[in-house]
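# What follows is a predicted structure for the sequence shown.
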Amino acid sequence: MKKTIILLIIISFLLIIGCTPPIGIVLGDSMEPTASNGDLIFIDSRAETFDRGDIIAFEAQYDCECPTHFKRIIAVAGDTIYIDLASGNVYLNDEILDEPYNYGADENFR
């Protein structure tokens, strides 16, 4: 009986660990207002295709303080991107990119 309970606890623990998706922590404000500094994000590593607007997670080898980065996809294969540095506008396929999640341009960008 005691061995059965211990075995069930071990199996349950392994199932919980194996079924829990990885979690990343947002560091910084580059994803505001969608995700804020300190937010936790579940990472779905099973995704095989991505669309515009999707948020992706990737490991940045060069940044030890923030190993997991989160960024939004603004273009996919076949798209062209142009950034007008004077205005700060981003053009996707010759049209100004509609960024409803962007609440204002960074003054340091201009």
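Here it is on my side, so go on.

# all helices of this protein, in order?
Read by DSSP state H, the chain holds these helices, from start to end of the chain: 2-19.

# Flag the shaky bits of it, pLDDT-wise.
Low-confidence segments of the chain, defined by pLDDT under 70, span residues 13-21, 63-66, 100-110.

# The same query, at a cut-off of 80, please.
Counting by pLDDT under 80, the chain contains low-confidence residues at 1-3, 7, 10-24, 30, 32, 44-47, 60-68, 99-110.

# Where do the strands of it begin and end?
Secondary structure of the chain by DSSP state E: the strands cover 23-25, 40-42, 55-59, 68-72, 81-84, 89-92, 95-96.

# what would those look like in a markdown table with distance to Pro33 and mean neighbour count?
C-beta: built from backbone N, CA, C; applies to glycine. Supplementary listing: the strands of the chain in a markdown table, determined by distance: least, CB to CB, whole Å; neighbours: other CB atoms under 10 Å:
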| stretch | distance to Pro33 | mean neighbour count |
| --- | --- | --- |
| strand 23-25 | 17 | 15 |
| strand 40-42 | 14 | 12 |
| strand 55-59 | 13 | 13 |
| strand 68-72 | 12 | 17 |
| strand 81-84 | 21 | 11 |
| strand 89-92 | 18 | 15 |
| strand 95-96 | 20 | 10 |
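
# Adding distance to Thr34, write those out as CSV.
As requested, those are exported to CSV (distance: least, CB to CB, whole Å):
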stretch, distance to Thr34
strand 23-25, 14
strand 40-42, 10
strand 55-59, 7
strand 68-72, 8
strand 81-84, 20
strand 89-92, 17
strand 95-96, 20
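
# Which one of these lies nearest to Thr49?
When these are ranked by proximity to Thr49, the top entry is strand 55-59, at 11.4 Å, counting by CB to CB.

# who's in contact with the closest one?
Counting contacts by CB atoms under 8 Å, 6 or more residues apart in numbering, the residues outside strand 55-59 that touch it are 24, 31, 34-35, 41, 43, 50, 67-73.

# rerun that using 6 Å as the cut-off
Here strand 55-59 makes contact (CB atoms under 6 Å, 6 or more residues apart in numbering) with Gly24, Ile43, Pro67, Thr68, His69, Phe70, Lys71, Arg72.
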